[in-house]
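1. Fold the following for me, if possible:
(one chain, ligands or ions: 1)
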Amino acid sequence: MAYETQRLEIKKRIALIAHDSRKSDMIQWCTEHHGELCQHVLYGTGTTAKLIVEATKLPVQGLKSGPLGGDQQIGSKIVEGDVDFMIFFWDPLSLHPHDPDVKALLRIATLYNIPIATNISTADFLLNSLYMNKVYERKLINFDSYLNRKI
Ligand SMILES: O=C(CO)COP(=O)(O)O
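-> Numbering: from 1, shown residues only. The predicted structure follows:
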């Protein structure tokens, strides 16, 4: 596979998403890391964003609610190169009507080499990474070489 790179600036663009049973974890995590998070650009699915804004006053730009297409909107932002990190506290104990969207988001984030935290400890490690406050060259699949592959 051929690769190219995408330059991530110091100010990162972070997507914040949590299923209902994980929203309290997300709010607590955002509260604890308010000082770091406020230095970055924040997006979130509708309900997650609304609850974070209410609880922390962090400027989270809310998209549609997950089951109404919010996961797909985050996926679209990833494809457009507008998301650098994803914190997605998904619920491993419940079924969701939009499970195909959840899978699609996790798939597209993996494909685009997006660092993904699905639990508090990984989110802590990401936020404390040396790369967080530096410019970072992220490897990306070279899509021209993909389009020109032999079929
Ligand atoms: O369902 C979600 C992620 O799959 C989250 O959506 P909300 O933030 O709107 O609850």
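
2. Kindly report the residues of this protein close to the ligand.
-> By CB under 6 Å from any ligand atom, the residues of the chain that approach the ligand are 17, 19, 45-48, 65-67, 70-71, 102. Where you see a C-beta, it was placed from the backbone N, CA and C, and this is true even at glycine.

3. mind running it again at 8 Å?
-> Neighbours of the ligand within the chain, by CB under 8 Å from any ligand atom: 17-20, 23, 44-51, 64-68, 70-71, 88, 90, 96, 98, 101-102, 105.

4. Among these, which ones are in strands?
-> 17-18, 44, 88 (DSSP state E).

5. Show me where the chain has its helices.
-> Using DSSP state H, the helices of the chain run over residues 23-32, 34-37, 46-56, 70-79, 99-111, 120-127, 143-147.

6. circling back: which members of the ones in strands among the residues of the chain next to the ligand are the farthest-apart pair?
-> Across these, the longest distance by CB to CB is 10.3 Å; it joins Gly44 and Phe88.

7. sorry, back to before: please dump the helices of the chain into a markdown table; it should also carry mean neighbour count, distance to Glu4 and mean pLDDT for every row.
-> Listed next are these as a markdown table, based on neighbours: other CB atoms under 10 Å; distance: least, CB to CB, whole Å; pLDDT from 0 to 100:
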| stretch | mean neighbour count | distance to Glu4 | mean pLDDT |
| --- | --- | --- | --- |
| helix 23-32 | 18 | 33 | 98 |
| helix 34-37 | 14 | 29 | 98 |
| helix 46-56 | 19 | 31 | 98 |
| helix 70-79 | 20 | 15 | 98 |
| helix 99-111 | 16 | 14 | 98 |
| helix 120-127 | 16 | 23 | 98 |
| helix 143-147 | 10 | 8 | 88 |
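
8. For my notes, please list these in TSV and give distance to Glu137 for each entry.
-> TSV is the format used below for those (distance: least, CB to CB, whole Å):
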stretch	distance to Glu137
helix 23-32	27
helix 34-37	22
helix 46-56	29
helix 70-79	17
helix 99-111	18
helix 120-127	17
helix 143-147	17
